[in-house]
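1. Have a look at this fold, sequence not included:
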């Protein structure tokens, strides 16, 4: 049964509100101490979960007061939505397959699928409203404790969601940008305003947090990532690098196990059965045309393949570049 605590939603407390209250309690308890403290608040939204009848069934659950606030919000248009051709099919019999078998097997989206995708999108938007309020409350709590200007904020997500791109009705796990490219916002002492355009990854979060806490010595393990504090302090000295993307191997049958490398421009994906994908993200940011069957890209694929193998085996930030 839901935990019963004081709440503006009656006798039961909404999960996101409980997370915010717990965060406030940690700040009040730890802020007066001299030692730095680490706080992670992982709101469920916009993930699905929990019973919710009718409108948001199978999607994210908005707070009771936020239901319907995005009822008329349109889905942002993308050229990869319900991708027209992913390989040989009746409408394009001579088309070379440029997508893996798990994508080629997906049907075009019908009216029912389109409506479900749109409704899930709206429910996710509504579910994030309580996250906005929670972040504001946490910031205000730190301000009241006199620690706001001494706090480093990292705001990010572990994955994105598919909303009809490449005929994928939902979920994550796959390498396409909608799932693998996530936001990362930093705010803290001496962090300048602006956009950092070199590639970073979630493996950089732990080194950044340790660096902010001035953790040094043998107590810290060797990590694959790099501190992003160095990136904001000396962005020109922060070297560009390639990123390893991977999943599996224990996956539901509709997914494919893969290993991929993402450079600032290209993405090479390899599957165990020999299938591949190669995208020029500068010219084809929505990943509609794989280049892996074009001979002019053979040398590039060999070079990226060797680099991908090294990234799979490397250990430590100096070696994983």
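-> Thanks, I have the structure now. Because the structure is a prediction, the values reported are computed rather than measured.
2. And the strand or helix carrying residue 130, how far out from the chain middle?
-> Secondary structure assignment for residue 130, by DSSP states H and E: helix 111-144. Taking the mean of its C-alpha atoms, helix 111-144 sits 15 Å from the chain's own mean (CA atoms, centre = their mean, to the nearest Å).
3. Now that helix: buried residues?
-> Neighbour counts using 16 or more other CB atoms under 10 Å place 113, 116-117, 119-131, 133-135, 138, 141-142 of helix 111-144 among the buried residues. C-beta here means a position set from N, CA and C on the backbone, and glycine is covered the same way.
4. which residues of the stretch 201-321 of the chain fall in helices?
-> With DSSP state H, counting those that start in this stretch as the definition, the stretch 201-321 of the chain shows helices at residue ranges 205-212, 229-233, 298-313.
5. If I average pLDDT within each of the ones you listed, which one is lowest?
-> Confidence, taken as mean pLDDT, is least for helix 229-233 of these (a mean of 85).
6. And that helix, what's buried?
-> Neighbour counts using 16+ other CB under 10 Å place 229, 231, 232 of helix 229-233 among the buried residues.
7. Can you check what pLDDT the model gives the residue lying closest to residue 149 once chain neighbours are set aside?
-> Taking CB to CB, 6 or more residues apart in numbering as the measure, residue 149 lies nearest to residue 189, with 6.4 Å between them; neighbours along the chain are not counted. Note for residue 189: predicted pLDDT of 89.
8. do residue 223 as well
-> 84.
9. could you measure the spatially most central residue of the chain against residue 39, distance?
-> Residue closest to the average C-alpha location in the chain (CA atoms, centre = their mean): residue 159, at 2.6 Å. Residue 159 sits 22 Å away from residue 39, going by CB to CB, to the nearest Å.
10. With residue 102 instead?
-> With CB to CB as the criterion, residue 102 and residue 39 are 39 Å apart.
11. When the two are compared, which one has more neighbours?
-> Between residue 102 and residue 39, residue 102 has the larger neighbour count (other CB atoms under 10 Å), namely 17 against 12.
12. what about the more buried one, which helix or strand?
-> Mapping residue 102 onto the secondary structure by DSSP H and E places it in helix 101-104.
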